[in-house]
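Trainee: Sequence first, then the predicted structure, then my questions.
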Amino acid sequence: MLKFGMPRIELLDQNLINQIAAGEVIERPVSVVKELVENALDAGATRITIEIADGGKQLIKVSDNGCGMDAEDLAKCVVRHATSKIKTPEDLFRITTMGFRGEALPSIASVSNMRIISKPQGSAQPYACCLHLQDSAVDRSEKVSAPEGTTVIVQDLFASVPARLKFLKSAETEKSHIRDYLGKLMLSRADVAYTFISDGETALATQGGLAIDPELALRNAIGAVYGSRAAKSLRKVNLVLQDFAVSGYVSDPAVVTGSRSGQVFFVNNRYIISPLLNKAVDAAVSDLVYGGKYPYAVLFIRIAYEQVDVNVHPAKREVRFAESNKVFEAVRAAVRQAYHSYQEPQGRAETGTANLETTPYSAPELNLRYAPSPAANAANIPEYDPMPIQPSAAVFPASNAHPLRILGQANRLFIIALDGEDLLLIDQHAAHERIIYERLKTAERRRDKQLLLVPQNIELGQNLNKVLQENAETLRQFGFEWQDFDGTLLLRAIPLVELKNPVEQFFRETLEDLSEAAGGRSLPEREDYLLYTMACKAAVKDGDILTMTEMQKLIADLLALPNYQTCPHGRPTITYLGRDELARRFKR
Ligand SMILES: Nc1ncnc2c1ncn2[C@@H]1O[C@H](COP(=O)(O)OP(=O)(O)OP(=O)(O)O)[C@@H](O)[C@H]1O
Ligand SMILES: [Mg+2]
């Protein structure tokens, strides 16, 4: 027998139901901003103003110039599960709007004081309708004067739910969450003009105008959100495949940050958090950017709606890809292409996508259904247009115009040269490493080898012999050829690299490096690693004396490469001291 008798089952009242739902979706002021702004976008707004006071705790006001609602719809919009966005179960699997649950407004209303003012576009009535809500139910409505569109005013958030109020952070922290969210939105929907006002001051604003020039609007938005340094260094990403497209921008490998906060991804225009995509960018830049640094990346992924599940979490911030490997590989390849192909006109072999098994894109067959915004139309992805900022052109004036003059070598490591009036300092090892790496990397070169005029007898010892056996297949693929005579090795051929140091040293050091770091890596990773290692070991070293001719050749070879600015490990190869910089140092 139950000690306290059987508990009775009661139906919850509507406000409590809404509060429970709010518990999932409305965590803090930014969640309210997000829901309201998404509604404005779903309503087709091109101008949205977001105003907050006290980090949103006191006031959140979102005004839009979207389609608006008439009095009848306005009364319905705060009813739970009332939505204009889906009608049938099938719709759930091809969501094209940001909202679809029909629960945001009633949820917010259950934990705040809310007013909604709306006037439909083209309304014959001279007035707008204003709905006052109390405990998520309509308290009263009145006629007010307002422009076409909708304004939602949320006051005293969580005032009636002290347990939630307690968890809110300082106004400054709540504001920064909102700023962060809006920043991402400004990038994802650069067509819209946003103004974000906090305690009476404009904190962030964009101009919109995607209809005029989508790419310009996006670059402007990147400038507004991440600053002009990032905006000036952008490289276009654009890869369009059969049922998948990646577009957007990445910053120059020299313009990086110490965290991934400058990397944002949008899947079918929805901002998502995705460690998978972060890793894809990492993989694409691993030979350009030094560890612990990340380029800015604003990437839009368009994928057939059937290929992605957005209904994983009520806040819709995570998605699940049906084929995550393919997505990873395509994003990696797209970003790589942005770094490698921007300087390469037709004729030169592409370098970044050799491993990508994908079908080339043909526009009319595109099997995608996007949100009905111009930004989301794959056919609108403009062809790549070279950015005005091409480092080799801008930073280093064309060398035929100002022939390079080598001044000498310092510390047996740095080459000092003059390009016109400008002083160049080049790290000979890093530069040579990049040159060799690029040469070895292309598929044809990988198979090339050079037979040694005199085969080398090499005594490897037990440890290195083991490394040799373990990596035999990969080493052979890259051009090493040897015969084994009971532990004594006869090295017959090596990859096609110009060596300054003895062959044996190169071979031995390559194996030593492999023994330290290659264990546990997958085959493609091991191949990549071997490339880095060979480039590093074959390159001239810190301490090697170079002749004038060698230095001249090294610089010419380096500057001919698209990625001449960094070594394959991401360290800089070249530094430039212009007249301005020198003048500054001399305080002139
Ligand atoms: N700013 C707005 N302009 C025009 N109509 C709006 C606006 N905000 C809300 N609505 C209408 O109110 C309905 C309910 O909005 P609500 O945010 O509660 O649900 P939803 O957007 O359909 O789904 P979700 O709960 O996933 O956000 C919407 O479907 C839309 O028809
Ligand atoms: Mg909504």
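Mentor: Ah, there it is. Since the model is a prediction, treat every value here as computed from it, not as a measurement. Residues are numbered from 1 along each chain as shown. Ligands and ions are numbered 1, 2, ... in the order given.
Trainee: Might you list the low-confidence residue ranges for the stretch 351-500 of the chain?
Mentor: Scanning the stretch 351-500 of the chain for pLDDT under 70 picks out 351-403, 443-447, 487.
Trainee: Which stretches in it count as helices?
Mentor: 391-394, 428-441, 443-447, 461-470, 472-477 (DSSP state H, counting those that start in this stretch).
Trainee: next one: the stretch 51-200 of the chain
Mentor: 71-77, 104-110, 162-165, 171-188.
Trainee: Which residues in the shortest one does the neighbour count mark as buried?
Mentor: In other words, helix 162-165. Within helix 162-165, the residues that count as buried by 16 or more other C-beta atoms under 10 Å are Arg164. In this view, the C-beta of every residue, glycine as well, is placed from N, C-alpha and C.
Trainee: Just read off the phi/psi values of the closest residue in space to Ile108 that isn't next to it in sequence.
Mentor: Among residues not flanking Ile108 along the chain, Val32 sits closest, at 5.5 Å (C-beta to C-beta, 6 or more residues apart in numbering). Here is the backbone geometry of Val32 (degrees, to the nearest 10): phi -70, psi -50.
Trainee: where do the strands sit along the stretch 351-500 of the chain?
Mentor: 404-410, 414-419, 422-427, 449-459, 481-485, 488-495 (DSSP state E, counting those that start in this stretch).
Trainee: Could you do the stretch 1-150 of the chain as well?
Mentor: Remark: strands assigned in the stretch 1-150 of the chain by DSSP E, counting those that start in this stretch are 47-53, 59-64, 113-119, 128-134, 137-144, 149-155.
Trainee: neighbouring contacts of the last one?
Mentor: What that stands for is strand 149-155. Here strand 149-155 makes contact (C-beta atoms under 8 Å, 6 or more residues apart in numbering) with 32, 36, 39-40, 43, 45, 58-69, 105, 108, 112-119, 121.
Trainee: one more time with 7 Å
Mentor: Outside of strand 149-155, the residues within contact range by C-beta atoms under 7 Å, 6 or more residues apart in numbering are 32, 36, 40, 43, 45, 58-66, 68-69, 108, 112-119.
Trainee: Can you add mean neighbour count and give the helices of the stretch 351-500 of the chain back as JSON lines?
Mentor: JSON lines is the format used below for the helices of the stretch 351-500 of the chain (neighbours: other C-beta atoms under 10 Å):
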{"stretch": "helix 391-394", "mean neighbour count": "14"}
{"stretch": "helix 428-441", "mean neighbour count": "24"}
{"stretch": "helix 443-447", "mean neighbour count": "13"}
{"stretch": "helix 461-470", "mean neighbour count": "14"}
{"stretch": "helix 472-477", "mean neighbour count": "15"}
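Trainee: nearest to ligand 2, of the ones you listed?
Mentor: With C-beta to the ion as the measure, helix 391-394 is the member of the helices of the stretch 351-500 of the chain nearest ligand 2 (43.8 Å).
Trainee: what separates stretch 165-183 from the chain centre, distance-wise?
Mentor: Stretch 165-183 sits 23 Å away from the centroid of its parent chain (C-alpha atoms, centre = their mean, to the nearest Å).
Trainee: Spell out which parts of the stretch 101-250 of the chain neighbour ligand 2.
Mentor: Residues of the stretch 101-250 of the chain lying close to ligand 2 by C-beta under 5 Å from the ion are Ala104.
Trainee: Show me which residues of the stretch 101-250 of the chain sit near ligand 1.
Mentor: By C-beta under 6 Å from any ligand atom, the part of the stretch 101-250 of the chain that sits against ligand 1 consists of Arg101, Gly102, Glu103, Ala104, Leu105, Thr150.
Trainee: burial measure for the last one, as a count.
Mentor: Think Thr150. Neighbours of Thr150 under the rule other C-beta atoms under 10 Å: 26.
Trainee: Check the first one too.
Mentor: Other residues lying near Arg101 total 18 when counted by other C-beta under 10 Å.
Trainee: Kindly report the same for the third one.
Mentor: Using other C-beta under 10 Å, Glu103 has 24 neighbouring residues.
Trainee: Quickly note the distance from it to His81.
Mentor: Using C-beta to C-beta, to the nearest Å, we find Glu103 at a distance of 6 Å from His81.
Trainee: where does the stretch 101-250 of the chain dip in pLDDT?
Mentor: Low-confidence segments of the stretch 101-250 of the chain (pLDDT under 70): 210-212.
Trainee: Once you drop chain neighbours, what's closest to the closest residue to ligand 2 within it?
Mentor: The nearest approach of the stretch 101-250 of the chain to ligand 2 comes at Ala104, 3.9 Å away (C-beta to the ion). Nearest non-adjacent residue to Ala104, counting by C-beta to C-beta, 6+ apart: Glu35, 3.9 Å away.
Trainee: from what I can see that neighbour touches Ala109, true?
Mentor: No - counting by C-beta atoms under 7 Å, Glu35 does not reach Ala109; the two are 11.1 Å apart.
Trainee: Gln337 contacts Leu239, correct?
Mentor: Yes - if you go by C-beta under 7 Å, Gln337 and Leu239 touch, sitting 6.2 Å apart.
Trainee: Between these two, which contacts overlap?
Mentor: Common contact partners of Gln337 and Leu239 (C-beta under 7 Å, 6+ apart): none.
Trainee: Of the helices of the stretch 51-200 of the chain, flag the one that's most buried.
Mentor: Among these, helix 104-110 has the highest mean neighbour count (mean count of other C-beta atoms under 10 Å), at a mean of 26.
Trainee: Point out the other helices and strands that that one packs with.
Mentor: helix 14-25, helix 29-42 (3 or more C-beta pairs under 7 Å, 6 or more residues apart in numbering; DSSP states H and E).
Trainee: make it 10 Å
Mentor: Applying 3 or more C-beta pairs under 10 Å, 6 or more residues apart in numbering; DSSP states H and E, one finds that helix 104-110 contacts helix 14-25, helix 29-42, helix 71-77, strand 113-119, strand 128-134, strand 137-144, strand 149-155.
Trainee: Tell me which strands the last one pairs with, and in which orientation.
Mentor: Listed by DSSP bridges, the sheet partners of strand 149-155 and their directions read strand 59-64 (antiparallel), strand 113-119 (antiparallel).
Trainee: Next, the buried residues of it.
Mentor: Gly149, Thr150, Thr151, Val152, Ile153, Val154.
Trainee: Taking their axis directions, it and strand 137-144 sit at what angle?
Mentor: 130 degrees (axes from the mean of the first three to the mean of the last three C-alpha atoms, to 10 degrees).
Trainee: Tabulate the CA atom coordinates of strand 149-155 in PDB.
Mentor: Taking Å, rounded to 0.1, in the frame of the first residue of the first chain, the C-alpha atoms of strand 149-155 are listed here in PDB:
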ATOM      1  CA  GLY A 149       6.000  45.100 -40.000                       C
ATOM      2  CA  THR A 150       6.300  43.800 -36.500                       C
ATOM      3  CA  THR A 151       7.700  44.900 -33.200                       C
ATOM      4  CA  VAL A 152       8.000  42.600 -30.200                       C
ATOM      5  CA  ILE A 153       8.700  44.100 -26.800                       C
ATOM      6  CA  VAL A 154       9.900  41.800 -24.000                       C
ATOM      7  CA  GLN A 155      10.200  43.300 -20.600                       C
END
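Trainee: Domain ranges for the protein, per the record?
Mentor: 14-205, 214-387, 394-575 (automatic domain parsing).
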